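Undergrad: Next comes the sequence, and after it the predicted model I'd like to discuss.
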Amino acid sequence: MLSVKNLQKTFNRGTVNQNTIYRGLSLDVDEGDFITIIGSNGAGKSTLLNVISGVIPLDAGRIVLDGVDITRYPEYKRTRDIARVFQNPSFGVAPSMTILENMSMAYNKGKTYGLGRAVNKKNIDVFKEMLSGLELGLENKLHDKVGLLSGGQRQSLSLIMATMLHPKLLLLDEHTAALDPKTSAKIIDITNELVTENKITTMMVTHDLNHVTSLGNRVIMMHSGEVILDIRGKEKKELTIEKLLNHFDNAHVMLSDRTLLST
Ligand SMILES: Nc1ncnc2c1ncn2[C@@H]1O[C@H](COP(=O)(O)OP(=O)(O)OP(=O)(O)O)[C@@H](O)[C@H]1O
């Protein structure tokens, strides 16, 4: 479904800050995979999502999505198929626009006409239904500016907007890290529901080992720009935090400090 082949990337080449992140990273993601990604500090987890979504260009390597080589596609050309939710609750939404306008914009993504066509009665009813599933009362705040919402409400809205067009791939980059524990748990529940109900192929970077054991069908551990462990199937189902920590110990890899704090 997604094939990442032989990625090579060096930041700041030719300067004192030269930093080689990938020396031939390859990864295959199957249709319907829900992968959590953990690893050491600076392992290249977020960069991987940035490279897949076209934010960061590659030095070499290929990215193939659903049989199409998108390596040279600019970011905007990938957004119809690849949706993202970021750590910062302000990134995925336009705070000065209303919930309705934000949802209409997401609904219109990739279409050539403006906002107006999406803001009709039929769509409003569909948007309200999507929001009511969150059980946050947002369906009654359609005309409120998104800047007035809490971080958790914004992330919920971002998730709805990211998944409403059924993207081929959903990328989640520590999207609950900026939230308090209770709100984070709620967003994780919403994430799980949206991803599993809509069967969206998902890659989620997290520092919380509880997410790794409770979510998804596959876990990838990264260290120094490489995938050092890929756990799926029965082994993933039976995975515990203790077993995960043992894997890291055996690989002589230090988990990121934030991950250790989550245990
Ligand atoms: N745009 C950039 N320019 C220069 N260096 C970058 C850039 N983006 C990432 N890096 C560097 O690439 C390395 C990997 O960063 P990345 O954010 O992918 O790591 P990570 O695995 O997500 O780490 P963490 O768990 O600490 O957030 C780091 O050394 C980082 O400083």
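TA: Yep, it's here. What you see is a predicted model, and the numbers here were worked out from it, not measured in a lab.

Undergrad: Can you give me the first-to-last residue distance of stretch 86-96?
TA: End-to-end distance of stretch 86-96: 18 Å, with C-alpha to C-alpha, to the nearest Å as the criterion.

Undergrad: Report the buried residues of it.
TA: Neighbour counts using 16 or more other C-beta atoms under 10 Å place Phe86, Gln87, Pro89, Gly92, Val93 of stretch 86-96 among the buried residues. Bear in mind the C-beta positions are built from the backbone N, C-alpha and C, glycine included.

Undergrad: what distance separates that stretch from the centre of its chain?
TA: Distance, stretch centre to chain centre, for stretch 86-96: 14 Å (C-alpha atoms, centre = their mean, to the nearest Å).

Undergrad: What lies in contact with it?
TA: 84-85, 101-102, 105, 145-147, 151-152, 154-155, 157-158, 161-162, 173-175, 177-179 (C-beta atoms under 8 Å, 6 or more residues apart in numbering).

Undergrad: Could I have the buried ones of those residues as ChimeraX selection syntax?
TA: Those of these that count as buried under 16+ other C-beta under 10 Å are selected in ChimeraX with:
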select :84,85,101,102,105,146,151,152,154,155,157,158,161,162,173,174,175,177,178,179
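
Undergrad: where does the residue nearest to the spatial centre of the chain land in three-state SS?
TA: Taking C-alpha atoms, centre = their mean, the centroid of the chain lies closest to Leu172, which sits 1.4 Å from it. Recorded secondary structure, Leu172: strand (DSSP: H, G, I helix; E, B strand; the rest coil).

Undergrad: what residues are up against it?
TA: Arg84, Val85, Thr191, Thr202, Met203, Met204, Val205, Thr206.

Undergrad: By neighbours, which of these wins?
TA: Greatest neighbour count in the contacts of Leu172, by other C-beta atoms under 10 Å, goes to Thr202: 27 neighbours.

Undergrad: now that residue: how far from the ligand?
TA: Noted for Thr202: a distance of 17 Å to the ligand, by C-beta to the nearest ligand atom, to the nearest Å.

Undergrad: same check, this time on Lys77
TA: Lys77 is 20 Å from the ligand, by C-beta to the nearest ligand atom.

Undergrad: roughly how far apart are that residue and Arg62?
TA: 16 Å (C-beta to C-beta, to the nearest Å).

Undergrad: Then Ser26?
TA: Per C-beta to C-beta, Ser26 is found 10 Å from Arg62.

Undergrad: hang on, the earlier thing: quick check: the residue nearest to the centre of the chain vs Leu25, distance?
TA: Leu172 is 19 Å from Leu25, by C-beta to C-beta.

Undergrad: In the chain, what residue spans correspond to strands?
TA: 2-11, 19-29, 34-39, 60-65, 68-69, 82-85, 169-173, 201-205, 218-223, 226-232 (DSSP state E).

Undergrad: Which residue is the nearest non-sequential neighbour of Gly147?
TA: Excluding the flanking residues, the one nearest Gly147 by C-beta to C-beta, 6 or more residues apart in numbering is Pro95, at 3.4 Å.

Undergrad: What values do phi and psi take at the nearest residue to Asn12 once chain neighbours are set aside?
TA: Nearest residue to Asn12 in three dimensions, chain neighbours excluded: Gln18, at 5.3 Å (C-beta to C-beta, 6+ apart). When read as degrees, to the nearest 10, the backbone of Gln18 gives phi -50, psi 130.

Undergrad: Quick check: Gln18 vs Asn246, distance?
TA: Gln18 sits 35 Å away from Asn246, going by C-beta to C-beta.

Undergrad: cool, Pro57 as well?
TA: Per C-beta to C-beta, Pro57 is found 37 Å from Asn246.

Undergrad: which ones are touching the residue nearest to Asn12?
TA: Taking C-beta under 8 Å, 6+ apart as the test, what Gln18 contacts is Thr10, Phe11, Asn12.

Undergrad: what residues does the lengthiest helix in the chain touch?
TA: Counting residues, the longest helix found in the chain (DSSP state H) is helix 181-197. With C-beta under 8 Å, 6+ apart as the test, helix 181-197 has contacts from 34, 133-134, 150-152, 155-156, 159-160, 163, 170, 172, 175-177, 179, 200, 202, 204, 208, 211, 214-215.
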